[in-house]
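Trainee: using only what follows, build the 3D model:
(one chain, ligands or ions: 2)
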Amino acid sequence: MLLNILKNRRVLFFGGKGGVGKTTLASATAAGLAQQGRRILVVSTDPAHNLGHLWEREIGAKPVSLMAGLDGIELDPGSTVDEHLKTVENSLRKLMPERLHKEVKRHLEQAREAPGMVEAALLERIAVTLETGLAHYDTVIFDTAPTGHTTRLLELPELMAAWTDGLLKNRERSGNFTRALGQFKAVDADNDVASNLFEDEPTRDHEMRAVLMRRQDRFRKLREILTDGETTAFMIVLTAERLPVLETIELCQRLHDLQVSVGGLIVNRRSPRGESALLDQRAKNEDEHLAKLIKALQPKVPEIKQIPLSANEIIGGQELVHFSSAYLG
Ligand SMILES: Nc1ncnc2c1ncn2[C@@H]1O[C@H](COP(=O)(O)OP(=O)(O)O)[C@@H](O)[C@H]1O
Ligand SMILES: [Mg+2]
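Mentor: Residues are numbered from 1 along each chain as shown. Ligands and ions are numbered 1, 2, ... in the order given. As a prediction, this is how the structure comes out:
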């Protein structure tokens, strides 16, 4: 039951095409669960950041109280990259001899523009936010970016773990290399340049290894949480129209490949019948799109929950709680 999944999973993702209602449903679910006495953290990873608009207040990188029992965070990719690079710079500064510090800074300035940088930084923030979120809240709810961004992000923990693995292996090799050079150094004991260069090498190696191991550990844990179907569920939000339906079919497949459990499909903004010829026609078209969706997902069709088109805009805590009662009870 969708209801059980929303109530029982500690980590919920809301994903889907842009504009279908992810932010609204993530927020309404968060508000409804908070109303029932849970401690909830809602996290937006969408650069568009509509969470703040929906709650009519500024939300940033630190938790902001949205209502009793509910806090919100917006992870901003730009400032996340800045923070990330600052942390990397600080640890590199500690690890590198002082004469290389300028070089480190220059290198990191270039890294800011490197492909994948924003994603890597965002992923690290997500991992940290989830870890601390689970320690302080009953449920952590992610309002994610449109489909493409999100699946890419879900693929990353594995890629990053493999990448850090590679780096660690390289460090091991260079450790051996250092030892080999160390013997050389012993021979050339009174050469100042050589001794300065090698002096801190074992400590630096050790610390660098520790930094990489921590990161790898963090990504492993994130991947574990994401693929644990008892803990995490991914809710796909869509409208019953051609493009959202096509994206939903693809997203289901990607999530399946990534071993992330699909908690259910939420078909939002269903047109009412018997109001007008226009809406009747829309409702009929929607039925056809949904039939196609169900056929395409056979034999494993996730549970489907339909949410009616609401006459008014859904803004603020009270309206969100009310909106959520339609599916949370
Ligand atoms: N069931 C609904 N009935 C009417 N309007 C809705 C409904 N669900 C969402 N909306 C509206 O649709 C727009 C897009 O919703 P939003 O949650 O921001 O989508 P997303 O986060 O997927 O881009 C918003 O203006 C929101 O108020
Ligand atoms: Mg949104």
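Trainee: output the contacting helices and strands for the helix or strand in which Glu131 is found.
Mentor: Assessed by DSSP states H and E, Glu131 sits inside helix 117-136. Contact analysis of helix 117-136 by 3 or more Cβ pairs under 8 Å, 6 or more residues apart in numbering; DSSP states H and E lists strand 40-44, helix 77-95, strand 139-143, helix 147-187, helix 201-227 as its packing neighbours. Every C-beta, even on glycine, is put in place using the N, C-alpha and C of the backbone.
Trainee: again, 7 Å this time
Mentor: Counting contacts by 3 or more Cβ pairs under 7 Å, 6 or more residues apart in numbering; DSSP states H and E, the secondary-structure elements packed against helix 117-136 are helix 77-95, strand 139-143, helix 147-187, helix 201-227.
Trainee: what pairs with the second one, and is each one parallel or antiparallel?
Mentor: Partner strands for strand 139-143, per DSSP bridges, with pairing direction: strand 11-15 (parallel), strand 40-44 (parallel).
Trainee: quick one: the last one near ligand 2?
Mentor: In other words, strand 40-44. No - legend: contact between strand 40-44 and ligand 2 by Cβ under 5 Å from the ion is lacking; minimum distance shown is 7.2 Å.
Trainee: would you list the strands paired with strand 139-143 in a markdown table and tack on distance to Arg106 and mean pLDDT?
Mentor: Written out in a markdown table, the entries for those read as follows (distance: least, Cβ to Cβ, whole Å; pLDDT from 0 to 100):
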| stretch | distance to Arg106 | mean pLDDT |
| --- | --- | --- |
| strand 11-15 | 38 | 96 |
| strand 40-44 | 33 | 97 |
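Trainee: one step back: so which of the helices and strands packed on helix 117-136 gets nearest Pro244?
Mentor: Counting by Cβ to Cβ, Pro244 lies closest to helix 147-187 out of the helices and strands packed on helix 117-136; the figure is 9.3 Å.
Trainee: average pLDDT for that closest one?
Mentor: Model confidence over helix 147-187, given as mean pLDDT, is 67.
Trainee: now stretch 264-282
Mentor: 97.
Trainee: low pLDDT regions in the protein?
Mentor: Regions of the chain meeting the criterion pLDDT under 70 cover residues 1, 171-205, 208.
Trainee: residues touching Phe219, list them.
Mentor: Contacts for Phe219 were tallied using Cβ atoms under 7 Å, 6 or more residues apart in numbering; they are 127, 157, 160-161.
Trainee: at 6 Å instead, please
Mentor: Going by Cβ atoms under 6 Å, 6 or more residues apart in numbering, Phe219 touches 157, 160-161.
Trainee: ok, back up a step: what does the helix holding Glu131 contact?
Mentor: 41, 43, 75, 77, 80-81, 84, 140, 156, 218, 222.
Trainee: make sure Leu259 is indeed in a helix.
Mentor: One thing to correct before we go on: residue 259 is Gln, not Leu. No - note on Gln259: no helix contains this position according to DSSP: H, G, I helix; E, B strand; the rest coil, which reports coil.
Trainee: ok, back up a step: pick the one among the contacts of Phe219 closest to ligand 1.
Mentor: Ranking the contacts of Phe219 by separation from ligand 1, with Cβ to the nearest ligand atom as the measure, puts Pro157 on top at 23.5 Å.
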